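Student: Kindly return the folded structure for what I paste below:
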Amino acid sequence: MILDLVKSNDPILRQKCEPFDFENPPTDPFKLAEDLAETMIANKGVGLSACQIGLPYRVFVVGDYTQPDDIVAMFNPRIVDY
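Tutor: Next comes the predicted model:
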């Protein structure tokens, strides 16, 4: 399902998002990943986070919108080295 993007001045874009809880999921993680990917493709983006659709979870998808099978969803990402 293609979801609406929040406005660029929405406060959710400036707050720290909470981890996605797999023990007690707030929503189906597979459906969330699929919806994020579909929304990113529809907007011809290269990435989209859950907060950009109004959900305060640490989840995003990334990839080339022209190659939908290569889009990757990442839940609770952490930078471990740079």
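
Student: quick one: the helices in this structure?
Tutor: 29-42 (DSSP state H).

Student: low-scoring pLDDT stretches of it, where are they?
Tutor: For the chain, no stretch has pLDDT under 70.

Student: Would you state the strands of it in chain order?
Tutor: 47-49, 59-62, 72-75 (DSSP state E).

Student: Quick one: neighbours of residue 80, just the number.
Tutor: 5 (other CB atoms under 10 Å). C-beta coordinates here come from the backbone N, C-alpha and C atoms, glycine included.

Student: how about the strands of the chain in TSV, adding mean neighbour count?
Tutor: Below are the strands of the chain laid out as TSV (neighbours: other CB atoms under 10 Å):
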stretch	mean neighbour count
strand 47-49	20
strand 59-62	22
strand 72-75	14
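
Student: and residue 24, which of these is closest to it?
Tutor: strand 72-75 (14.1 Å; CB to CB).

Student: follow-up on the earlier one: export the strands of the chain as CSV, with columns for distance to residue 18.
Tutor: Below are the strands of the chain laid out as CSV (distance: least, CB to CB, whole Å):
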stretch, distance to residue 18
strand 47-49, 13
strand 59-62, 10
strand 72-75, 12
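
Student: wait, which of those is closest to residue 25?
Tutor: strand 72-75 (10.1 Å).

Student: who does that closest one pair up with?
Tutor: Taking DSSP bridges as the criterion, strand 72-75 sits next to strand 59-62 (antiparallel) in its sheet.

Student: Other residues contacting the partner strand?
Tutor: 20, 29, 32-33, 36-37, 40, 46-50, 71-77 (CB atoms under 8 Å, 6 or more residues apart in numbering).

Student: Kindly format the C-alpha coordinates of that strand as PDB.
Tutor: Once non-C-alpha atoms are left out, strand 59-62 reads as follows in PDB (Å, rounded to 0.1, in the frame of the first residue of the first chain):
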ATOM      1  CA  VAL A  59      13.000   1.200  10.300                       C
ATOM      2  CA  PHE A  60      14.000   2.200   6.800                       C
ATOM      3  CA  VAL A  61      14.200   0.800   3.200                       C
ATOM      4  CA  VAL A  62      16.900   1.600   0.800                       C
END
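
Student: for it, the distance to its chain's centre please.
Tutor: From the chain centre to the centre of strand 59-62 is a distance of 4 Å (CA atoms, centre = their mean, to the nearest Å).
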